[in-house]
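# I'd like to go over a predicted model; first the sequence, then the structure.
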Amino acid sequence: MTNSIADIGEAEAILVIGSNTTENHPIIGDLVKRSVTQKGAKLVVIDPRRIPLVEYANVFLQVPPGYNIPVILAMMNVIIAEGLADEAYIAERTEGWEEFKGSVAEFTPEKVAEMTGLSAEDIRKAGRIYGEASPAAILYAMGVTQHGQGTDGVKSLANLAMLCGNVGMPGGGVNPLRGQNNVQGACDLGGLPNVFTGYQKVDDDAAREKFEAAWSVTLPGTPGMKLTEVTQAIGKDGSIKGLFIMGENPMISDPDLRHIDHALDELDFLIVQDIFLTETAAKADIVFPAASFAEKDGTFTNTERRVQRVRKGVAPRGDSKADWQIICDLSAKLGFKMDYTDASAIFDEIAQLTPSYHGMDYARIDSVGLQWPCPDKDHPGTPVLHTAGFARGKGLFQSIAFTGPFESPDDQFPFIMTTGREHAHYHCGSMTRRSKRIDENYPEGFMEMHPADAQTMGVKTGDTVEIASRRGQITSKVKVVDSTAPGTVFMSFHYSESPVNVLTNPATCPTAGIPEFKVTAVNIHKV
Amino acid sequence: MINLTIDGTPVQVEKGQTILEAANSAGIRIPTMCWMKKMRPIGSCRMCVVEVEGLGKPVSACDTMAAADMKVTTQSELLHGMRRDALSLMLVGHPLDCPVCDKGGECVLQDMVWEFGVTEQPTPGAQPTRDIERYISPMIKQWADRCVLCARCVTACKEVKGIGCIEIKGNGFDSYIGPVEGVDCISCGECLSVCPVGALTDGIRDEKARIWQSKRITTTCGYCGVGCQFDLNVLNDKIIRVTTTDHDKLPNFGSLCIKGRFAWEFVDHPDRLTKPLVRRDGELRETTWEDALHTAAKKIKEVRDAHGPDSIAGFASARCTNEDNYVFQKFFRAVIGTNNVDHCARL
Ligand code: SF4
Ligand code: SF4
């Protein structure tokens, strides 16, 4: 997030797009509700589903899956046409404005209304609410990024925020809500193919030399493969022979499960490190038992860039060990010593090598953590990014050409399926579904279908249907509810009984490598 | 800014602050039962009564605004008596089951009754019971007899969570907390965490422990990116519940969702991997660390020697700690010699 969670309470208007906040980030969802009911903030919700926050919204745009970009463009069109753009901010802090302005001109509310079935008047209202408020915050999640044009979706939101002078303002910002507890940290700590910690590029000589000196080794200077490229490569050209997976279950969470299943069989070795024998671990040659979050010390970095302590409450179960310890042991076997006395010593090395974490240590983050960047020991952390300017100097308006989702409904696959989570379960369910009370009370998933579609198909709540896409088929029980528009169905991906990702499309956004989970053309039959 | 005096001490606060907030800021304690910083004043418990010079009757400090030149008294015989009366009223029908109540030792009512030396109970309490099967939500037990009707839970459910699925039902001494027709509980446990007495208790595990018998370890939730802070309550190396007692702490102010508060039983699930496994004759078999690490190192070396470091890839984890991820990418880059490291952030 460019801003802080608490900051949301300062916003005059909030735009929630592609985020079912009350289910996936409940504490932030609560805050949005309170901003509306107790502070009079206006709320715009853009989502294919009638999510719980819609009840609090001044405008709800029920966008068809894959059409965020034209809707944002139309909102900007309205803001510009009605003179709501922040000219002073644009002149002072941005560039590329004139060209960008031209690219928005054709996206009139009427045109986008025609493309999406939304009302032009509602689009205008949404544009006005965002444009008239100051500051206004944008909250988004996977409903924006898990698209073929995910990166363009994010850029569009950045354009919108700059247009109204909302970047660098408390209560404003462009705020991605991270779905998994430590997505932010995994990225910050170099769990990416092109960067070391703190986004220092592997092909930047100075950065590489710094790490080479610190680790006393020679390091490769070409960026590696993205996750989706790796899984594709294993099956296709066999260039990946060995895979080591720590704490992930791509057998459930990756798109096109059938392909992954097959790909993992092709490997010379698969090592999996996890707390359970997940679907992926079951296919491994070697499985290392890891300690759970309750059994180890460390830190997580939350969605507002706050680095917070994880503390050991109970001993590791059985012979399991903290993930870092296992890797250090393995490293020693390969002749490279990593002798850390404890997690705190690792953190000190991280702080030493990472400018944005440089001022942090366990003592400083003990009570409420610190938000990066925190460049030195006296720095109080950074609640709002870009207050004085953008990292690159001026914020660049980037024109976006809308190409649309990869799959559209056709005769063979007439429905669009979109995916998401439920509040009681988490991701592939390996933890929540093994928490007895939770699973007892939330035992099964449903495919949500609009009453009009249900009537045409003659299905009712509780019936079982078969759902097929170009890649595979699964079955699920149906819940008839008007949360989606007719023609769109929704499924969550927590239940291995109905593994949704058998159906999803592995085609990715070319920049981010994120699959288009949110738009899959499917066919549905009653069984 | 406004200047007033509380117990003879000059206090300066911003306009719009209550007498209670003014006192708190000056470090002067006024006893409260229903008031919580994160909610609007409820004004039900009458414990925070104070005298204000020039006003005929004592007022509640939680919902009376501080005003310029106010002279406030927080301790007097009159106030002490009123607070004792308020406590006696709360004890009407309250079972004196503190020895078997989960909340014993950390109950606001217990502490106040002790502090004010209340020994008389106007109407005797219900017979204590050790267990009860009535749930306000599937995760939470409700002991209606212990309820003091402070309305913290009702207010928190509505105001903090925006749900409003519980309300005060009935009248007078027959009032109780009950469900609101047609509004579903989301089992977030907000009500549980704000209940000052033992009327709502955690229904996940039967193991119980007094606060001084169990350890409480503050940690960060392992589910979503909000990073809520909570306390693991540990007895004999087992988690028995998750609690939040600090309602002033960033980023969640004592609130959690169903996952953070109740979805921790997986830690001791029998499916937990407790031994390394190595596939032999097509089957994963339990083995020693020495064997598993040796086998893994051998395979890594073989593949790297035959096909080069870029033939190996690693997926780090958005679920693991920063330290885990740091060591993982260091291992890939420095030891294996490839930048083929990514993680499931995008999924
Ligand atoms: S658990 Fe949450 S939703 Fe349910 S009654 Fe308590 S506060 Fe309300
Ligand atoms: S308690 Fe709920 S909202 Fe808080 S971090 Fe955990 S999953 Fe997220």
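Yes, it's here. Ligands and ions are numbered 1, 2, ... in the order given.
# tell me the domain ranges of chain B?
B:2-90, B:206-272, B:277-344 (automatic domain parsing).
# and chain B, which of its residues are near ligand 2?
Proximity of chain B to ligand 2, by CB under 6 Å from any ligand atom, involves residues B:Cys221, B:Tyr223, B:Cys224, B:Val226, B:Gly227, B:Cys228, B:Asn252, B:Leu256, B:Cys257, B:Lys259, B:Gly260. All C-beta atoms are positioned from the backbone trio N, CA, C, and that covers glycine.
# Got the phi and psi for the third one?
B:Cys224 has phi and psi values of phi -90, psi 180 when expressed as degrees, to the nearest 10.
# that older thread, any chance of the domains of chain B in a markdown table, with mean pLDDT and mean neighbour count too?
A markdown table is the format used below for the domains of chain B (pLDDT from 0 to 100; neighbours: other CB atoms under 10 Å in any protein chain shown):
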| stretch | mean pLDDT | mean neighbour count |
| --- | --- | --- |
| domain B:2-90 | 95 | 17 |
| domain B:206-272 | 93 | 20 |
| domain B:277-344 | 95 | 22 |
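# the strands in the stretch 101-250 of chain B, which residues?
Shown for the stretch 101-250 of chain B, the strands assigned by DSSP state E, counting those that start in this stretch span residues B:135-137, B:140-142, B:166-169, B:176-179, B:200-202, B:215-220, B:229-235, B:238-243.
# and the residue of the stretch 1-150 of chain B found nearest ligand 2, what is it in contact with?
In the stretch 1-150 of chain B, the residue that lies nearest ligand 2 is B:Met139 (13.3 Å; CB to the nearest ligand atom). For B:Met139, the contact set (CB atoms under 8 Å, 6 or more residues apart in numbering or on different chains) comprises A:Arg437, A:Asn441, B:Ser187, B:Gly189, B:Asp202, B:Gly203, B:Ile204, B:Ile258, B:Arg261, B:Phe262.
# List only buried entries from the residues you listed.
By neighbour count, with 16 or more other CB atoms under 10 Å in any protein chain shown, the contacts of B:Met139 hold A:Arg437, B:Ser187, B:Gly189, B:Asp202, B:Gly203, B:Ile204, B:Ile258, B:Arg261, B:Phe262 as buried.
# which stretches of the stretch 251-400 of chain A form strands?
Under DSSP E, counting those that start in this stretch, the stretch 251-400 of chain A gives strands at A:269-274, A:286-289, A:298-301, A:306-310, A:370-371, A:395-396.
# nearest to A:Phe413, of the ones you listed?
strand A:269-274 (32.7 Å; CB to CB).
# Tell me who's in contact with the residue of chain B most remote from its centre.
Outermost residue of chain B with respect to the C-alpha centroid, by CA atoms, centre = their mean, is B:Ala306; its distance is 54.6 Å. By CB under 8 Å, 6+ apart, the residues touching B:Ala306 are A:Lys241.
# and the angle from the host helix or strand of it to strand A:269-274?
Here B:Ala306 sits within helix B:289-307, counting by DSSP states H and E. Helix B:289-307 and strand A:269-274 are oriented at 140 degrees to each other (axes from the mean of the first three to the mean of the last three CA atoms, to 10 degrees).
# A:Gly102 sits in which helix or strand?
helix A:97-104.
# how about the helix or strand just after that helix as CSV, C-alpha atoms only?
Using DSSP H and E, the helix or strand that follows helix A:97-104 in sequence is helix A:109-116. Presented in CSV, the C-alpha positions along helix A:109-116 are these (Å, rounded to 0.1, in the frame of the first residue of the first chain):
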residue,chain,number,x,y,z
PRO,A,109,-19.5,6.9,-20.1
GLU,A,110,-22.0,6.1,-22.9
LYS,A,111,-19.4,4.1,-24.8
VAL,A,112,-18.3,2.1,-21.8
ALA,A,113,-21.9,1.6,-20.7
GLU,A,114,-22.5,-0.1,-24.0
MET,A,115,-19.4,-2.3,-23.6
THR,A,116,-20.3,-3.4,-20.1
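# Report the buried residues of the next helix or strand after helix A:109-116.
Following helix A:109-116 in sequence order, the next helix or strand is helix A:120-132 (DSSP H and E). For helix A:120-132, burial by neighbour count (16+ other CB under 10 Å) applies to A:Ala120, A:Asp122, A:Ile123, A:Arg124, A:Lys125, A:Ala126, A:Gly127, A:Arg128, A:Ile129, A:Tyr130, A:Gly131.
# contact partners of helix A:120-132?
With CB under 8 Å, 6+ apart as the criterion, helix A:120-132 contacts A:13, A:15, A:42, A:44, A:46, A:58-61, A:71, A:74-79, A:82, A:84-85, A:108-110, A:112-113, A:136, A:160, A:164.
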